[in-house]
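Peer 1: Quick one, what's the 3D model for this:
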Amino acid sequence: MSSPLERKAEQIDWAGKNYLVVDDFIGVRQLLRESLRSLGARNIDQAASGGEAIALLAKTRYDVVLCDFNLGDGKNGQQVLEEARVRNFLLPSSVWMMVSAEKSVESVMGAAEHQPDAYLVKPITEGVLLTRLNRAWHRKQVFRPIDQAYAEKDYLRAARLCDEQIAASRVHETELLRMKARLMEKSGEPEKAREAYERVLAGREYQWARSGLAKIRMVNGELEQARQMFLGVIAENRYYIDAYDQLAQVYQNMGKYEEACSILERATKLSPNSVPRQRNLGKVCLKLGNVAMAEKAFRKCIAIGEYSVRKTPDAYFGLARVCGLKNDPKEALVLLGAAQREFGAEHPDMPLRAKITEGLVYHESGDYRHARKAGDELEAQLNARPERPDVPTCLEMATLLFAVGVKDAPVELLCYVARNNHDNAVLLDEVQAIFEKARMGEEGASLIRAAKKEASDLMNQGVLLWKTGKLGEAVAWMRNARTKLPNNQRILFNAAQVLVSHMKEKGYDELMAAEAHEVLAHVDQLQPGQQRFAQLMEQLAALVPKVEEAPAEETPTPPTEPEA
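Peer 2: Below you'll find the predicted structure:
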């Protein structure tokens, strides 16, 4: 006897759904459109290219997407799906079907990495399409109640909804547990994610669940156990590509770069069209001094990244470094110019990063005069702007400036990094190592201590005001602290908590809520998947006034407190 959930799923209102058909041939689009109309579908949009598809996906939440793999010039179907995932254009209940005549292992593997709900090989009959669409739709609709919470990044509420769906019907328990594990990871709750994965494995062996457990081991620092688990997954399924990427990260965390290089090389042979994988291979090879393989990986990364949302300037900078090591600064400068033209509009730090790489290229090729000139220009750029770049750029810049004989600017950069990361012991050790390389070990240690004290004092004063009930003053103090230390995650979280506490006591304030959301979005960008982010997002959602009277809610999550 079917469950209420299954009976509800059988009564599909195909007419009320939004559809997108993506194919570069008008005849195929018309054929797929007619197949959907035979179901009763009315709202069918069409796109003839990857670019058109992305524009439509950005405007409309589609229930069903039928997308060809080869779309002519521009983005292919894999890259459209990849961008839709990265930019959150798809809800958990959306169905994505890849429809293609492409049968090569390379293409199928590349598409599969981004988890379409089905991969249909042309030519397909209407019957096959409708059968697969029905099957995928029934499987995915279990996530529809979770969609809104997921879209609002209220991951804890979404996880509770997963539990409610499992309690209502165990037919889709495995898919719901997989979603719950992902939500727990996004919420900084690895132990709850582990419980979900283990519950899945108690019923059946799935590589994704075993790999999920291994990732948690890696995050917890249990590197040898994680290594063995990833090797086990690969032994069971040599095509489970994510395990290769994660294993490579384990090896890097262990300092075993040769092994990381080897595993990434194996992965790129199986599925070569991943921009992040080729970029990571290039970086590891560069660290090892394997110039030939680094060059091959970076060039491949640039080629396949032309239409990918995953493309970054890193491959250009990496290849420029390779050119420096090959004593070819001329091509390096061409690459740096291309990177600035390609990424300058969306990456405000491009001039700085390009100048840093230029200086490193000259320094590594032995042209110390031009390296010093690049350092002087870099220092001038730095002095002309009040804001500072991200941590890796700051560290790279400080290293170069010390190397070419500049002192004050790199010291200021390293102190900035220390103040904004005053409780990150690993990063502070890296900062200390740069000071020591510049023969400033003792002075550097003293500067780091002073930076840590400054950050702690700023944070603790705000917490004290909050604890003594001076909420208005606490809000003002934390705003000032954020201005001084805009990337200090502890201060950002505490600032958001003070805003939430103020609204709990004084009443909901739309501007204050927007400010809290902005602060949390920034900290989530700095380091995704933190527990306090999920908790504060849930508390913020609970503060929004209800439009109409709702039934009594379950006991809310206890509020977190600002950290001293």
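Peer 1: Using the three-state scheme, assign Met98.
Peer 2: strand (DSSP: H, G, I helix; E, B strand; the rest coil).
Peer 1: For it, the count of nearby residues, please.
Peer 2: Met98 has 26 neighbours, counted by other CB atoms under 10 Å. (Glycine included, C-beta is placed from N, CA and C.)
Peer 1: Could you do Met179 as well?
Peer 2: 22.
Peer 1: And the next helix or strand past the helix or strand bottoming out on mean pLDDT in the chain?
Peer 2: The least trusted helix or strand in the chain, going by mean pLDDT, DSSP states H and E, turns out to be helix 4-10, with a mean of 42. Per DSSP states H and E, the first helix or strand lying C-terminal to helix 4-10 is strand 18-22.
Peer 1: which helices and strands does that following strand pack with?
Peer 2: Strand 18-22 sits against helix 26-37, strand 43-47, helix 50-59, strand 64-68, with contacts defined as 3 or more CB pairs under 8 Å, 6 or more residues apart in numbering; DSSP states H and E.
Peer 1: Leu90 contacts Glu83, correct?
Peer 2: No: the criterion here is CB atoms under 8 Å, and Leu90 misses it with Glu83 at 10.3 Å.
Peer 1: Which of those two has more residues huddled nearby?
Peer 2: Taking other CB under 10 Å, Leu90 and Glu83 do not tie; Glu83 has more neighbours (21 against 17).
Peer 1: and that one, what element?
Peer 2: Per DSSP H and E: Glu83 is located in helix 77-86.
Peer 1: Would you indicate which residues of that helix are buried?
Peer 2: Gly77, Gln78, Gln79, Val80, Leu81, Glu82, Glu83, Ala84 (16 or more other CB atoms under 10 Å).
Peer 1: ditto for stretch 497-504
Peer 2: In stretch 497-504, counting by 16+ other CB under 10 Å, buried: Gln497, Val498, Leu499, Val500, Ser501, His502, Met503.
Peer 1: Please identify which helix or strand holds the first one.
Peer 2: Counting by DSSP H and E, the secondary-structure element that holds Gln497 is helix 489-506.
Peer 1: Now Val219. Nearest residue, chain neighbours left out?
Peer 2: Nearest non-adjacent residue to Val219, counting by CB to CB, 6 or more residues apart in numbering: Pro190, 5.9 Å away.
Peer 1: residues contacting the one you found?
Peer 2: Contact partners of Pro190, counting by CB atoms under 8 Å, 6 or more residues apart in numbering, are Met184, Ile216, Val219, Asn220.
Peer 1: Tell me the one among these nearest to Met440.
Peer 2: The shortest approach to Met440 among those belongs to Val219, at 33.6 Å (CB to CB).
Peer 1: Please report the distance of the closest one from Gln249.
Peer 2: From Val219 across to Gln249, the span is 10 Å (CB to CB, to the nearest Å).
Peer 1: Kindly report the same for Asp509.
Peer 2: Asp509 sits 42 Å away from Gln249, going by CB to CB.
Peer 1: These two: who's more crowded?
Peer 2: Taking other CB under 10 Å, Asp509 and Gln249 do not tie; Gln249 has more neighbours (19 against 14).
Peer 1: Determine the set of other helices and strands touching the one helix or strand Leu231 maps to.
Peer 2: Using DSSP H and E, Leu231 sits in helix 223-236. Other elements packing on helix 223-236 under the criterion 3+ CB pairs under 8 Å, 6+ apart are helix 207-219, helix 241-253.
Peer 1: wait, Cys323 sits on Glu364?
Peer 2: No: at 9.8 Å, Cys323 does not count as touching Glu364 under the criterion of CB under 8 Å.
Peer 1: okay, those two: which has more neighbours?
Peer 2: With neighbours defined as other CB under 10 Å, Cys323 and Glu364 compare such that Cys323 has more, 24 against 17.
Peer 1: outside of the one helix or strand the more buried one maps to, which residues touch it?
Peer 2: Using DSSP H and E, Cys323 falls within helix 314-325. Outside helix 314-325, the residues that touch it by CB under 8 Å, 6+ apart are 275, 278-279, 282-283, 286, 291, 294-295, 298-299, 301-302, 305, 329-333, 335-336, 338-339, 342, 353-354, 357-358, 360-362, 364-365.
Peer 1: Of these, grab the buried ones for PyMOL.
Peer 2: Selection of buried members from the contacts of helix 314-325 for PyMOL, criterion 16+ other CB under 10 Å:
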select buried, resi 275+278+279+282+283+286+294+295+298+299+301+302+305+329+332+333+335+336+339+342+353+354+357+358+360+361+362+364+365
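Peer 1: my guess is Ala534 contacts Tyr155, does it?
Peer 2: Yes: the pair Ala534 / Tyr155 is scored as a contact, 5.0 Å apart, by CB under 8 Å.
Peer 1: Need the residues touching each of the two.
Peer 2: With CB under 8 Å, 6+ apart, Ala534 and Tyr155 have common neighbours Lys186, Ser187.
Peer 1: thinking again about what came up before, I'd like to know the average pLDDT value across the helix holding Glu83.
Peer 2: Mean pLDDT, helix 77-86: 89.
Peer 1: Which element, helix or strand, includes Lys192?
Peer 2: helix 190-203.
Peer 1: Tell me what angle that helix forms with helix 207-219.
Peer 2: Orientation of helix 190-203 against helix 207-219 (axes from the mean of the first three to the mean of the last three CA atoms, to 10 degrees) gives an angle of 150 degrees.
Peer 1: For helix 190-203, the averaged confidence score.
Peer 2: The model assigns helix 190-203 a mean pLDDT of 94.
Peer 1: And for stretch 165-179?
Peer 2: The average of the pLDDT scores along stretch 165-179 is 89.
Peer 1: Just the buried residues of it, please?
Peer 2: Within stretch 165-179, the residues that qualify as buried are Gln165, Ile166, Ser169, Val171, His172, Glu173, Thr174, Glu175, Leu176, Leu177, Arg178, Met179, counting by 16+ other CB under 10 Å.
Peer 1: Farthest-apart pair in those, please.
Peer 2: Pairwise distances across the buried residues of stretch 165-179 (CB to CB) peak at 15.9 Å, for the pair Ser169 and Arg178.
Peer 1: ranges for the helices of the stretch 301-450 of the chain?
Peer 2: Here the stretch 301-450 of the chain has its helices, by DSSP state H, counting those that start in this stretch, at 314-325, 329-343, 350-364, 368-383, 391-403, 408-420, 425-437, 441-467.
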